[in-house]
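Trainee: Here's a sequence, model it:
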Amino acid sequence: MAEIFSEIDEEVRREHYLKLWQKYGRYVVAAVVLFLLAVAGVTGWQTYQNKQRLEDGRRYEAALDLARAGKPDAAATAFARLGTDGRGGYAAMARLREAALLVAKGDDKGATDVYERLAADDGADRIFRDLSVVLMVLHELERGDAVALAARLAPITAEDNPWRYSALELTALLALRTGDKSKARTIFTRLTDDRAAPVAMRRRAGELLSGIGK
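Mentor: Okay, here's the model as predicted:
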């Protein structure tokens, strides 16, 4: 008797499931298909990104080889192309390399333009954007608008910024340019007393502090 009821119950459940499948089956299939497509899309995108990084790395090394071979113009062109159509860290580093080559050949405006473009690129990592500002200020240290340059450095002097010590040192040098010895003295004293600051920078700060006097 129990077996008969079990069979009937099983048949009822099967009929119930069949009705549910007929009603909702197409949605389940669509959901599964969409899930599989999403997984395939993510996997394909990751594969593409990995290939792109490898290709950008190869192009970066090729540009470096041109620079090492004494072909700065060709190297600058290669770095410029990678900086324009490359992605991520390699593109940012390529721009920095391009700017350095332009500085070496005396193209000050060209170098500043490259630094500015990288600093303004929201797609670049913050660490590269801030570094480009530091390098741009260093490049413009003796001829740029000291007040405007110091304002550009101000956000980079924050405690959590990896370039803060360089930004502070440059800010102090800009203060000397404007005749603000008090501000320069305060910053150099801070750098001299900061055990976490690079040793060479602390030494320079101490020497400049001595040069300023009381």
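Trainee: Which residue would you name as the spatial centre of the chain?
Mentor: Most central in the chain under C-alpha atoms, centre = their mean is residue 125, positioned 1.8 Å from the mean C-alpha point.
Trainee: per-residue pLDDT, that residue?
Mentor: If you check residue 125, the pLDDT there is 89.
Trainee: start the count at 10, not 1, going forward
Mentor: From this message on, residue numbering opens at 10, which makes the last subject residue 134.
Trainee: My understanding was that it contacts residue 99; is that so?
Mentor: No - in this structure, residue 134 is not within contact of residue 99 by C-beta atoms under 8 Å, at 11.3 Å. For every residue, glycine as well, the C-beta is placed using N, CA and C.
Trainee: Pretty sure residue 83 sits against residue 74.
Mentor: No - counting by C-beta under 8 Å, residue 83 stays clear of residue 74, with 10.0 Å between them.
Trainee: How is the chain partitioned into domains?
Mentor: Per automatic domain parsing, the structural domains of the chain span 11-149, 160-223.
Trainee: mean pLDDT for those: which is lowest?
Mentor: Among these, domain 11-149 carries the lowest mean pLDDT (a mean of 74).
Trainee: Could I get the contacting residues of residue 65?
Mentor: Contact analysis of residue 65 by C-beta atoms under 8 Å, 6 or more residues apart in numbering lists 91, 95, 96, 97, 99, 100.
Trainee: any idea how far residue 81 is from it?
Mentor: 21 Å (C-beta to C-beta, to the nearest Å).
Trainee: Would you confirm that residue 187 contacts residue 158?
Mentor: No - with contact defined as C-beta under 8 Å, residue 187 does not reach residue 158; the gap is 10.3 Å.
Trainee: Which one's more surrounded, those two?
Mentor: residue 158 (21 against 12; other C-beta atoms under 10 Å).
Trainee: Can you tell me the closest non-neighbouring residue to the more buried one?
Mentor: Closest residue to residue 158 apart from its sequence neighbours, by C-beta to C-beta, 6 or more residues apart in numbering: residue 146 at 4.8 Å.
Trainee: what about the one you found, which helix or strand?
Mentor: Residue 146 belongs to helix 135-149 when assigned by DSSP states H and E.
Trainee: For the helix or strand just after that helix, buried residues please.
Mentor: Of the helices and strands lying after helix 135-149 in sequence (DSSP H and E), the nearest is helix 155-162. Going by neighbour count (16 or more other C-beta atoms under 10 Å), the buried part of helix 155-162 is 155, 158, 159, 161, 162.
Trainee: With distance to residue 194 as new columns, can those be given to me in TSV?
Mentor: Formatted as TSV, the buried residues of helix 155-162 follow (distance: C-beta to C-beta, whole Å):
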residue	distance to residue 194
155	17
158	19
159	15
161	22
162	18
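Trainee: and which of these is nearest residue 174?
Mentor: Distances from residue 174 to the buried residues of helix 155-162, taken as C-beta to C-beta, are shortest for residue 162 (11.6 Å).
Trainee: wait, that closest one sits on residue 143?
Mentor: Yes - with contacts counted by C-beta under 8 Å, residue 162 reaches residue 143, the gap being 7.3 Å.
Trainee: anything in contact with each of these two?
Mentor: In contact with both residue 162 and residue 143: 176, 179, using C-beta under 8 Å, 6+ apart.
Trainee: Isn't residue 206 up against residue 200?
Mentor: Yes - with contact defined as C-beta under 8 Å, residue 206 counts as touching residue 200 (5.3 Å).
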